[in-house]
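A.B. asks: coords please:
(chains A, B and C)
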Amino acid sequence: MPDPLPPVEKPAPVAAGFSLLTGAKRWLVVGIALALLASYFSGTFNRYYLGIGIDVGIAIILAVSLNLINGHTGQFSLGHAGFMAVGGYFAAWLSLQMGVNAKVMFPLSLLAGGLFAAVVGLVVGVPSLRLRGDYLAIVTLGFGEIIRVIAQNTEAVGAASGLKGIPKFTNLGWTFGLAAVTIYAITALVNSTYGRGFLAVHDDEIAAESSGIGTTRYKVTAFVTGAFFAGIAGGLYAHHKQFLAPTGFDWLKSVEIVVMVILGGMGRTVGVIAAAILLTVMPELLRDFAEYRMIVYALLIIFLMLVRPGGLFSINFKRRSAA
Amino acid sequence: MDFQQTIQQLINGLGLGSIYALIALGYTMVYGVLRFINFAHSDVLMLGAFSALYIAPKVEKVLGPQSVTGAILVIVFSAAVCACLGMLIEFLAYRPLRNRPKLTVLITAIGVSLFIEFTCQNDAIFGSATRAFPKLLPEQQFHLGKIVLGSNDIIVPVVTALLLVGMWFIVQKTRIGTAMRAVSFNQQAASLMGVPVNRIISFTFGLGSALAAVAGILYSMKAPGIEPLMGVQPGLRAFIAAVVGGIGNLPGAVLGGLLIGVLETFAGGIPGLSNYRDAIAFGILILILLFKPAGLLGRATIEKV
Amino acid sequence: MKLRHFAIPAFAVCLALGLSNCKKGGGDTIKVGEFASLTGKEATFGMSSHEGTLLAIEEVNATGGVLGKKVELLTEDDQSKPGEPANAVNKLISKDSVVAILGEVASSRSLEAAPICQQSQIPMISPASTNPSVTQAGDYVFRACFTDPFQGAALANFSTGTLKATKVAMLTDVKSDYSKGLAKCFKDKFLANGGTLTTELDYNGGDKDFKAQLTTIKNGNPQAVFVPGYYTDVALIAIQAKQIGLTVPLFGGDGWESSVLLDIGKDDMNGNYFSTHCAADQGTPKMTAFVESYKKRFNGKVPDAMAVLGYDSAMLLADAIKRAGTTEGPKLRDAIAATKDFEGVSGKFSLNADRDAVKALVFIKIEGGKFRYTATVNP
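C.D. replies: Below is the predicted model of the structure:
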């Protein structure tokens, strides 16, 4: 008698995709719960270290959001600080307009900032994403700078002297909760079937286009999504530092975020998160050596590129393939 | 704006534009040969100015203050120092990455630029405060009606023009220039034809850096306050100029430089517009890249699949 | 596998934060925090005010300190950059547990730090920030100098009265709160005095080329040019003005106060004027004595107004601590607010209800490559 047919297994990638998704949702909830717990006790924490903790959370959101554009989709954007600025300024402006109601409306202000940043991402992305490589980098840098100049000349947001007296609404709960959401959202997006398109665009744009993947659509989606989360990070930043200066969003800030993505290994979410934490905490630890801290930072960039362009944590994970 | 003011602004603009042109030449030459944007170029400008700061007193001791020969010597020595520095940077930071993806080299260039800037800001080197630049030449003013032509306004364009002629001569009429052009067309083919590619690239860097140094000194003659970050803004403008003119294209760099210099100056004199100069410069850049990515004088390249 | 790792960093951060509970220490010194621009674009401001403050603290400690304890000065550099004052002050308050903050000279940077000091209920005394909004941040924020409404009005009167210039051009640094604020205060009084502004243009602090603006200004035929900016830019403006044949006098405010103005500007600065807090050659006995002790301490360097104010603000704080009898926030704040007829090197002054100092202002003319005191204007 012939053997009964072995049970048909679901094709592996889809199964993997599903289990990851379930696992991801679980961790999202855990992450948010932890954040809220930490926030509840944050009154007893030392204010200085609390500040650094929030900086870390914001850096994570920025790095992971840029990772979608630069890492997963392989588009070199040097203007991420511009999206952060847009989100930050808009959210702060809303808070200042709303007066007493501002605290309750804080999540909505953040969301509004993120959406505005996403719109700007669309405006920037659609024309720019026809370009490749160096040229895209330059154009995004240019847009980032234009955003900075506009902020510098808009009296409503304090112009060149900056926006001061923003209420302090950001706390650990919001920061790490939103960080968890960002990580979940972007990871889920990239690991979904739709999200395979990002990786295809990254690996070989021409082949992807020939296979029927609308590369421009994917690139713009990556841009807009990344901009959205950067805008939210900007809003958190504004309500944490209580002060926004246009010069704080120049191309150097964009470079800082890019370095986090590169250090983490473009595309590796865990590495990028670790890099964001490292690059935020280290300067504070080195504050006593402030003069040398930036020199070390610059050397780190050069060293990375010469020796480990795959990122500081490029241990040999199996390279994700697009099918 | 009346006629005389327009002429005065034009003179200002051409002076500024000539300096941008010199810097833009460096960007464009390096791009032509290596196909990447040397972000650290703007810092060579600054190094040139600081070299002159240290060399000038020594020259003054021998030749006396504010002499033409002295000025020429200061410029030549500073240019030589920066040429060597440029070649050193290429050797240490870019040559090992010759075959890596362009974006890697771009980031390295950013790293090098930041390294130079931050190191020079350290008090052990130059310090971050603004230093006074010595007067290299006596200044004279010529009045034509309401228009004032300073001696600097004449010297800068003249020096730039001379250097451009020199550059054109080198690139078009000498063997090494031919080698540079060959490397920029096709590196592999050039090396197969016996062109020592590494040496040509070094030479290109050296030449570009020397031009940047001269630009830095001329810039400091107009604005005698130098500090480690002084190269960032003119560097960015010159870079835009190089792209606008067509990156890789030498006459394009000059045209771009003059154009950006004049536009910036006119915008600066108009109330309300002067704050947006950065945005205008970048706006022009973006428009060119979107509609004519090869630049005003460049040739469009077709991407082979 | 990826998201599992998210928990670890989250845990680590929370743990680290939980473990790092710092207590406000007692200790046998009184810690005073200072943030200043020791490096960067306005480096001389920070260096001068720091040296003045340091001299004051050393003198206080030499006579036994305050309340029986020595005073320890903790200084942070804000590099003349926005964003850094917030970091510096946060560190001083939260990590170093200082009882008061001294700083800054530049109004933008004081404005950044003031809300933080206010919220933490740590008194802050700015030595030389003149923008009115600084002390409006709250009742824990003070200043040891006059404000721009006073300075702007004095400059306007100087222009129409002493310089006899009723047609003036104005060139403002749009990146500086101080410059914009002073420009507005000047403009209000100047127009009220019947003057006219021929041209109003801006520049970005840090620019090197001003010929475009200066050419337009020259075309308007002003009798003088008001430049309420900082010294580095002013020096270049003065040089380039001469280069295009603009020979009328330039005048400005205390942002000009630095020896670098003369280092860079050299002879092109001659014939220009500026207002400031005090002058080394003012001739008062306290000033002469201070100049001597400053020169002795700092290798023959002559103090500028920022150094004097750095000294005065520190002495003011020490005096207030003595009067309060404690370093506790609210009581110290009240003592500072109650300052009356304080004998500072920069003059005798009291703090008014807005926590600003009511003081005289001096005018300096630049002649022969040197600063020369010319006049005093009383409040």
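
A.B. asks: next, count neighbours for residue C:156.
C.D. replies: Using other Cβ atoms under 10 Å in any protein chain shown, the number of residues around residue C:156 comes to 22. From N, CA and C alone the C-beta is placed, and that goes for glycine too.

A.B. asks: in what helix or strand does it lie?
C.D. replies: Following DSSP states H and E, one finds residue C:156 within helix C:148-157.

A.B. asks: restricting to C-alpha, output that helix in PDB.
C.D. replies: This file holds the C-alpha atoms of helix C:148-157, laid out as PDB (Å, rounded to 0.1, in the frame of the first residue of the first chain):
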ATOM      1  CA  ASP C 148      17.400  96.500  25.800                       C
ATOM      2  CA  PRO C 149      14.500  98.900  26.000                       C
ATOM      3  CA  PHE C 150      16.900 101.100  28.000                       C
ATOM      4  CA  GLN C 151      19.900 100.400  25.700                       C
ATOM      5  CA  GLY C 152      17.900 100.900  22.500                       C
ATOM      6  CA  ALA C 153      16.400 104.200  23.700                       C
ATOM      7  CA  ALA C 154      19.900 105.400  24.800                       C
ATOM      8  CA  LEU C 155      21.300 104.500  21.400                       C
ATOM      9  CA  ALA C 156      18.400 106.200  19.600                       C
ATOM     10  CA  ASN C 157      19.000 109.400  21.600                       C
END
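
A.B. asks: and the angle for the helix or strand that that helix is followed by with helix C:148-157?
C.D. replies: Note on helix C:148-157: by DSSP H and E, the next helix or strand toward the C-terminus is strand C:167-173. Relative orientation of strand C:167-173 and helix C:148-157, computed by axes from the mean of the first three to the mean of the last three Cα atoms, to 10 degrees: 150 degrees.

A.B. asks: circling back to that earlier point, which other helices and strands does the helix holding residue C:156 contact?
C.D. replies: Counting by 3 or more Cβ pairs under 8 Å, 6 or more residues apart in numbering or on different chains; DSSP states H and E, the packing neighbours recorded for helix C:148-157 are helix C:177-192, strand C:273-276, strand C:361-367.

A.B. asks: among those, which is nearest chain A?
C.D. replies: The closest of those to chain A is helix C:177-192. By Cβ to the nearest Cβ, the value is 3.9 Å.

A.B. asks: sorry, back to before: need the helices and strands packed on helix C:148-157 in JSON lines (columns: distance to chain A and mean pLDDT).
C.D. replies: What follows is the helices and strands packed on helix C:148-157, written out as JSON lines (distance: least, Cβ to the nearest Cβ, whole Å; pLDDT from 0 to 100):
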{"stretch": "helix C:177-192", "distance to chain A": "4", "mean pLDDT": "93"}
{"stretch": "strand C:273-276", "distance to chain A": "21", "mean pLDDT": "94"}
{"stretch": "strand C:361-367", "distance to chain A": "23", "mean pLDDT": "93"}
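
A.B. asks: now for the helix or strand where residue B:6 lies, which elements pack on it?
C.D. replies: Using DSSP H and E, residue B:6 sits in helix B:3-34. If you count contacts as 3+ Cβ pairs under 8 Å, 6+ apart, helix B:3-34 packs onto helix B:41-63, strand B:147-150, helix B:151-173, helix B:175-185, helix B:197-222, helix B:232-245, helix B:250-268, helix C:211-219.

A.B. asks: tell me which residues of the fourth one come out buried.
C.D. replies: The reference is to helix B:175-185. Applying a neighbour-count criterion of 16 or more other Cβ atoms under 10 Å in any protein chain shown, one finds B:177, B:179-180, B:182-184 buried in helix B:175-185.

A.B. asks: of the residues you listed, closest to residue B:277?
C.D. replies: Taking Cβ to Cβ as the measure, residue B:277 lies nearest residue B:184 of the buried residues of helix B:175-185, at 32.2 Å.

A.B. asks: wait, what's in contact with the nearest residue to the closest one once chain neighbours are set aside?
C.D. replies: Leaving aside its sequence neighbours, residue B:184 sits nearest to residue B:32 (Cβ to Cβ, 6 or more residues apart in numbering or on different chains; 4.1 Å). The neighbourhood of residue B:32, defined by Cβ atoms under 8 Å, 6 or more residues apart in numbering or on different chains, consists of B:180, B:184, B:204, B:247-250.

A.B. asks: can you do 10 Å?
C.D. replies: Contacts were defined as Cβ atoms under 10 Å, 6 or more residues apart in numbering or on different chains; by that measure residue B:32 touches B:171, B:180-181, B:183-185, B:204, B:247-250, B:253.

A.B. asks: any idea how many residues pack against the residue of the stretch 151-300 of chain B found nearest chain C?
C.D. replies: Residue nearest to chain C within the stretch 151-300 of chain B: residue B:268 (2.9 Å; Cβ to the nearest Cβ). Other residues near residue B:268 number 28, with proximity taken as other Cβ under 10 Å.

A.B. asks: next: residue C:207.
C.D. replies: Residue C:207, neighbours per other Cβ under 10 Å, totals 20.

A.B. asks: residue contacts, it?
C.D. replies: With Cβ under 10 Å, 6+ apart, residue C:207 has these contacts: B:223, B:233, B:268, B:274, B:277, C:173, C:175, C:213, C:233, C:236-237.

A.B. asks: quick check, nearest of the residues you listed to chain A?
C.D. replies: Out of those, the member with the shortest distance to chain A (by Cβ to the nearest Cβ) is residue C:175, at 4.2 Å.

A.B. asks: give me the number of residues near the closest one?
C.D. replies: If we define neighbours as other Cβ under 10 Å, then residue C:175 has 28 of them.

A.B. asks: kindly report the same for residue C:194.
C.D. replies: 8.

A.B. asks: contacting residues around it?
C.D. replies: Contacts here follow Cβ under 10 Å, 6+ apart; on that basis residue C:194 touches C:160, C:166.

A.B. asks: measure it to chain B for me?
C.D. replies: Separation of residue C:194 from chain B (Cβ to the nearest Cβ, to the nearest Å) stands at 23 Å.

A.B. asks: where does that residue land in three-state SS?
C.D. replies: Classification of residue C:194 by DSSP: H, G, I helix; E, B strand; the rest coil places it in coil.

A.B. asks: separation between it and residue C:166?
C.D. replies: Using Cβ to Cβ, to the nearest Å, one obtains 7 Å as the distance from residue C:194 to residue C:166.
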